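Novice: Sequence first, then the predicted structure, then my questions.
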Amino acid sequence: MPQYSIAFFSDLTGVCLKQVEAETREKALRLFFDKYVSGYTRDDEGFVYFREDFEDADRPLGAMLENHN
């Protein structure tokens with residue numbers, strides 16, 4: 001299963017950097033959100049807002065790399 005390194009910056013927690021295993025990038029990002037992110041509602045709507053912040057074109061708050069072993 002692919003591994004992803006994901007980093008996210010929040011004013012509440014600073015930088016959070018974790019590695020997660022998931023079948024796809026989308027599932028990896030959702031797993032990261034569910035396990036490590038605070039400051040958003042814990043539902044689909046919260047994930048949408050998180051993803052918008054994560055991938056913002058002008059000032060993204062996150063980054064994701066697929067690890068190749």
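Specialist: Cool, the structure landed. Fair warning: this is a prediction, and the values are worked out from it, not measured in the lab. Residues are numbered from 1 along each chain as shown.
Novice: Backbone torsions only: list them for the residue positioned nearest the centre of the chain.
Specialist: Within the chain, the residue whose C-alpha comes closest to the C-alpha centroid is L29; the distance, by Cα atoms, centre = their mean, is 4.4 Å. Main-chain torsions, L29, degrees, to the nearest 10: phi -60, psi -40.
Novice: From K18, how far off is it?
Specialist: Using Cβ to Cβ, to the nearest Å, L29 is found at 11 Å from K18. (Each C-beta comes from the backbone N, C-alpha and C, glycine too.)
Novice: hey, what's in contact with both of those two?
Specialist: Taking Cβ atoms under 8 Å, 6 or more residues apart in numbering as the contact rule, L29 and K18 both touch I6.
Novice: Confirm that R42 sits in a strand.
Specialist: No: according to DSSP: H, G, I helix; E, B strand; the rest coil, R42 belongs to no strand; its state is coil.
Novice: Alright, calling it a day.
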